[in-house]
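Visitor: Take a look and give me a structure for this.
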Amino acid sequence: MSQLETSDENFDLALIIEIADGSDEFLVESIEMFLQQSPEQMGVIHGAILAQDLTLVASAAHKFKANLGFFGMTTSQENMLQIEKLAKAGAGINEIIEKYNEVNAALEPSLAKLHKIMAEKQALL
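Guide: Below is the predicted model of the structure:
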């Protein structure tokens, strides 16, 4: 395993590492897919918030929270669940924006660390 830090308060890669079962190639591919999809998924949620389309906010948040859990981003996953619940309940858009901003703030440093881990693993392939 890498000497890089694979967990912190924002993410824990234990599940994906266990699933990879020693395969750096699988780990790199999984991280790469997450890094590509995360900005897209956050963009869908952001666009839905701007359009005040709470049905789309709830649906997109529901889909993305599973990915966050897969990468051990439990705080962001919980916040995404709250976004989903708020949207389903027809909550005020400002409350949803607040939770979205919390996820976004936590996600950015985690994505940077995942880029670093992916680069290190790619160098070993």
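
Visitor: how about the residue positioned nearest the centre of the chain, what does it touch?
Guide: Per CA atoms, centre = their mean, the C-alpha nearest to the average position across the chain is that of Leu68, at 3.8 Å. For Leu68, the contact set (CB atoms under 8 Å, 6 or more residues apart in numbering) comprises 74, 76-77, 80, 103. Backbone N, C-alpha and C define where each C-beta goes, glycine included.

Visitor: Please flag which of the residues you listed sit within helices.
Guide: Taking DSSP state H as the definition of helices, the contacts of Leu68 contribute 74, 76-77, 80, 103.

Visitor: Name the member of those that has the highest neighbour count.
Guide: Neighbour count (other CB atoms under 10 Å) singles out Met80 as the most crowded of the ones in helices among the contacts of Leu68, with 29 neighbours.

Visitor: Tell me how far the spatially closest residue to that one that is not a sequence neighbour lies from Phe26.
Guide: Take Met80 and drop its neighbours on the chain: the residue closest to it by CB to CB, 6 or more residues apart in numbering is Lys65, 3.9 Å away. Distance of Lys65 to Phe26, given as CB to CB, to the nearest Å: 22 Å.

Visitor: Compare the two (neighbour count), which wins?
Guide: Between Lys65 and Phe26, Lys65 has the larger neighbour count (other CB under 10 Å), namely 22 against 15.

Visitor: what's the pLDDT at the more buried one?
Guide: With respect to pLDDT, Lys65 scores 95.

Visitor: Same question for the one 5 residues further on.
Guide: The per-residue pLDDT reported for Phe70 equals 89.

Visitor: which residues does it contact?
Guide: 15-16, 34.

Visitor: What of Met73?
Guide: Contact analysis of Met73 by CB under 8 Å, 6+ apart lists 10-11, 106-107, 110.

Visitor: Which parts of this protein are strands?
Guide: Ranges of strands within the chain: none, based on DSSP state E.

Visitor: could I have stretch 18-27 exported to CSV, CA atoms only?
Guide: Extracted as CSV, the C-alpha positions of stretch 18-27 are listed here (Å, rounded to 0.1, in the frame of the first residue of the first chain):
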residue,chain,number,x,y,z
GLU,A,18,-10.4,-3.7,0.3
ILE,A,19,-12.4,-4.1,-2.9
ALA,A,20,-9.2,-3.4,-5.0
ASP,A,21,-7.6,-6.4,-3.2
GLY,A,22,-4.1,-5.2,-3.9
SER,A,23,-4.8,-4.1,-7.5
ASP,A,24,-3.3,-0.6,-8.0
GLU,A,25,-4.9,-0.6,-11.5
PHE,A,26,-8.4,-1.1,-10.1
LEU,A,27,-7.8,1.6,-7.4
